[in-house]
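J.: no FASTA, just this:
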């Protein structure tokens with residue numbers, strides 16, 4: 001599975017996803033570090049990538065209907081979450097579900113539970 005990591009996701013997540021057989025591109029590497037939400041989501045769609053973000057705006061299905069993108073995984077973690085917490089939540093998600101379920105869906109996780117909306 002291909003993932004696009006938003007600016008609020010640690011760069012090190014790329015390595016951890018690669019260990020589990022996934023490809024990830026950080027928005028910094030794509031030249032999108034200061035792009036708006038719509039541009040980032042469109043870049044993910046062009047790459048058939050699932051966007052991983054902590055930006056709760058992406059959980060608004062009125063603004064970003066699931067059928068309009070390649071998938072979004074929103075992390076609902078404490079504002080004080082450190083990189084290790086973020087990595088753990090992402091890995092828990094990709095190891096718990098069939099990641100193909102993320103394609104064209106909105107998934108929200110708190111690191112323990114995962115809710116998927118289509």
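T.: Right, received. Where do you want to start? Being a predicted model, the structure only gives us computed values, none of them experimental. Numbering: from 1, shown residues only.
J.: Phi first, then psi, for residue 2.
T.: Backbone geometry at residue 2, expressed as degrees, to the nearest 10, gives phi -100, psi 130.
J.: ditto for residue 73
T.: According to degrees, to the nearest 10, residue 73 has phi -110, psi 110.
J.: and residue 52, what does it touch?
T.: Residue 52 makes contact with 3-6, 9, 13, 24, 72-73, 75, 90, according to C-beta atoms under 8 Å, 6 or more residues apart in numbering. Any C-beta I mention is one placed from the backbone N, CA and C, and that applies to glycine too.
J.: is it true that it lies in a strand?
T.: Yes. Counting by DSSP: H, G, I helix; E, B strand; the rest coil, residue 52 is part of a strand.
J.: bridging residues for it?
T.: Residue 52 forms beta bridges with residue 5, residue 73, as assigned by DSSP bridges.
J.: And the residue nearest the centre of the chain, how far from residue 41?
T.: Against the mean C-alpha coordinate of the chain, by C-alpha atoms, centre = their mean, the closest residue is residue 52 at 1.1 Å. Here the criterion is C-beta to C-beta, to the nearest Å. By it, residue 52 lies 12 Å from residue 41.
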